[in-house]
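Q: Quick one, structure for this:
(one chain, ligands or ions: 1)
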Amino acid sequence: MPPAAPLSSPLRRRAHPLTDPGGGHVLDDAAAARLAPLLRSPSSTAILTDFDGTLAPIVEDPASARPLPEAETVLRELARRFKVVAVVSGRPLAFLTDRLPAADGVALVGLYGLERSGTVDGPDALVPGRASRRWRPVVVGVVDRLRAVLPAEVGVEDKGMTTAVHWRRRPDLAELARAAVAEEAARTGLVAHDGRMSVELRPPLGVDKGSTVTDLVRGCTAACFLGDDLGDLPAFDVLDALSASGAMDTVTVAARDRESAPEVLAAADLVVPGPAGALDVLAWLADRADRADRADQADGSPD
Ligand SMILES: [Mg+2]
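A: Residues are numbered from 1 along each chain as shown. Model (predicted):
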């Protein structure tokens, strides 16, 4: 990973959306300059984003999370211009398709890459389906045991091939939850990954947002990833490495709120205020790509 920019870097200022007399989206100059490489060639650029905490505000009950109202429209607009537009989430694919039912042209990638919609052409290796399905019976047993031993206020989310334990409603039970998860990890071979007031057990298949982003950006000349949590760091790392090697221009964006992990903020090229800030970035990219497209068409049309 290249060295992080100093904390005083103007790139770390919050994005301040302004009113554009033309009805478009405006970011502050520093943010716009950092994002500009993504607009050089949208047809070979990947726009990748996390879901919870990035497109959708964090809520107490994970089952009630919803994307910001404009998110689906903005994603759809991006997909008309950019080579790859994808939501890469730790949620099951079925959850993502339920929450973003009309995101035409947008690849939905669930469980960090274990599940994906059929929108993006790519190597089958992105979804090690059979291997991950073998873990389903193991996860079923783990979910049953965790629900039996943990108080009801600790949420045990059955995500199919993984399970996540949440203590947002009872932070005082964090250690109890962590201990129960560690015991299951030792018993089953599932691997524990920390999240926001949660820990998740996943199959040891080497699939994370880093491996998934590696597949999604293949053949691109530029890419960005927007995220908010520890599980997004592997995606940031992959893009930083591609940038450092000169393979492509990349931008990493952290959506910050009051419980953001400092590692995520420190790792990002650009920090924006929560899902609203992330959506501003995406809307700005869609708007600028659309304007460039229309300007090109006008240049090419007869007088
Ligand atoms: Mg997130």
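Q: What sits closest to L93 if chain neighbours are left out?
A: Closest residue to L93 apart from its sequence neighbours, by C-beta to C-beta, 6 or more residues apart in numbering: G110 at 3.4 Å. The way it works is simple: take the backbone N, C-alpha and C, and place the C-beta from them, glycine included.
Q: roughly how far apart are the one you found and E70?
A: 22 Å (C-beta to C-beta, to the nearest Å).
Q: Compare those two (neighbour count), which wins?
A: Neighbour tally, G110 and E70, criterion other C-beta atoms under 10 Å: the higher count belongs to G110, 26 against 14.
Q: can I assume the more buried one is in contact with R99?
A: No. In this structure, G110 is not within contact of R99 by C-beta atoms under 8 Å, at 11.1 Å.
Q: Where does pLDDT dip in the stretch 201-303 of the chain?
A: For the stretch 201-303 of the chain, the stretches with pLDDT under 70 are 300-303.
Q: so where do the strands sit in the stretch 151-300 of the chain?
A: Ranges of strands within the stretch 151-300 of the chain are 155-158, 163-166, 191-195, 198-202, 222-227, 249-256, 270-273, based on DSSP state E, counting those that start in this stretch.
Q: Just say which of those is most tucked in.
A: Among those, strand 222-227 has the highest mean neighbour count (mean count of other C-beta atoms under 10 Å), at a mean of 28.
Q: Put together a markdown table for the strands of the stretch 151-300 of the chain, with distance to R133 on each row.
A: Formatted as a markdown table, those follow (distance: least, C-beta to C-beta, whole Å):
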| stretch | distance to R133 |
| --- | --- |
| strand 155-158 | 15 |
| strand 163-166 | 15 |
| strand 191-195 | 17 |
| strand 198-202 | 14 |
| strand 222-227 | 27 |
| strand 249-256 | 32 |
| strand 270-273 | 37 |
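Q: do you know which of those lies nearest the ion?
A: For the strands of the stretch 151-300 of the chain, proximity to the ion was assessed by C-beta to the ion; strand 222-227 is nearest, at 5.9 Å.
Q: which bits of this structure sit near the ion?
A: By C-beta under 5 Å from the ion, the residues of the chain that approach the ion are 50, 52-53, 228-229.
Q: repeat that for 6 Å
A: Applying C-beta under 6 Å from the ion, we find that the chain lies next to the ion at 50, 52-54, 227-229.
Q: which residues sit in contact with P37?
A: Counting by C-beta atoms under 8 Å, 6 or more residues apart in numbering, P37 makes contact with 222, 249, 251.
Q: one more time with 7 Å
A: P37 sits next to 222, 249 when contact means C-beta atoms under 7 Å, 6 or more residues apart in numbering.
Q: A strand includes it, no?
A: No. P37: not assigned to a strand; according to DSSP: H, G, I helix; E, B strand; the rest coil it is helix.
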